[in-house]
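Q: Task: produce atomic coordinates for the following.
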Amino acid sequence: MGDTLITVIAIALAAVLMFVFPLMTMSDRTDDVSQLAVETATTEFVDDVRTTGKLSMDKYSQFVENISSTGNSYDVEMELQVLDENPGKKTTQAEPNKIGENVYYTMYTSQILDTINPSSGVTKTLALKEGDIFSTSVRNTNSTMSQQLKNFFYSVTGNDTYTIAAEHAGIVTANGAGN
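A: Numbering: from 1, shown residues only. Here you go, the predicted structure:
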């Protein structure tokens, strides 16, 4: 009786060591590859918008398609801080031609998508200007295999946590309206 119990425990332990741990390791590596792909795609998307000064629905759709190719679903948040140049002049004795302070107003994802989404079938492009600040953040919304295994064995992650995320931002360096 005692030998049978030890044999069953040894077989169960061997099954865990032979199948579960390699599966956890492989799923962690898959998440690492997805993380790298999402970081790269996010950086390329933001840098493309920054250097061209233009954001179109085609660029956005291509970006979403690139990150979705990892097999996960993502929440994409964009933020555009538009430079509202104040043309009023402030005169001081030191600098009589000093321009007033620059102020930014912010557009968020829904406002940006409303602007570039072609409602009439005509492709629209959001033209940015030099000095605007564009940022994008991405995080996965689904539960990856790695998260599911960790939840099962360790109970460390919650339902609202994410493992794949990327952020990138920068100042626009080209005027999009001129091209």
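Q: Give the next helix or strand downstream of whichever helix or strand D75 is part of.
A: Per DSSP states H and E: D75 is located in strand 74-84. Using DSSP H and E, the helix or strand that follows strand 74-84 in sequence is strand 103-108.
Q: what residues does the following helix or strand past that following strand touch?
A: The C-terminal neighbour of strand 103-108 among helices and strands, as given by DSSP H and E, is helix 109-116. The contact list for helix 109-116, computed with Cβ atoms under 8 Å, 6 or more residues apart in numbering, reads 55-57, 60, 76-80, 107, 124-126. In short, each C-beta sits where N, CA and C put it, glycine included.
Q: Give me the sheet partners of the helix or strand just after helix 109-116 and which way each runs.
A: Remark: after helix 109-116, the chain's next helix or strand is strand 125-127, criterion DSSP H and E. Paired with strand 125-127 in the same sheet, following DSSP bridges, are strand 54-56 (antiparallel).
Q: So which residue is smack in the middle of the protein?
A: V138 (2.1 Å; Cα atoms, centre = their mean).
Q: Just the angle for whatever helix or strand that residue lives in relative to strand 74-84, thanks.
A: For V138, the host element (DSSP H and E) is strand 133-140. Orientation check (axes from the mean of the first three to the mean of the last three Cα atoms, to 10 degrees): strand 133-140 against strand 74-84 gives 170 degrees.
Q: Check which helices and strands the next helix or strand after strand 133-140 sits against.
A: Reading on from strand 133-140 to the C-terminus, the next helix or strand found by DSSP H and E is helix 145-153. Contacts defined by 3 or more Cβ pairs under 8 Å, 6 or more residues apart in numbering; DSSP states H and E place helix 145-153 against helix 21-52.
Q: So for the helix it packs on, mean pLDDT?
A: Throughout helix 21-52, pLDDT has a mean value of 93.
Q: other SSEs contacting it?
A: Helix 21-52 packs on helix 57-68, strand 133-140, helix 145-153, strand 165-171, going by 3+ Cβ pairs under 8 Å, 6+ apart.
Q: I'd like the ones you listed as CSV, with mean pLDDT appended.
A: Shown next, in CSV, are the helices and strands packed on helix 21-52 (pLDDT from 0 to 100):
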stretch, mean pLDDT
helix 57-68, 95
strand 133-140, 96
helix 145-153, 80
strand 165-171, 95
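Q: So which of these is the most surrounded?
A: When the helices and strands packed on helix 21-52 are scored by mean count of other Cβ atoms under 10 Å, the highest mean neighbour count falls to strand 133-140 (a mean of 20).
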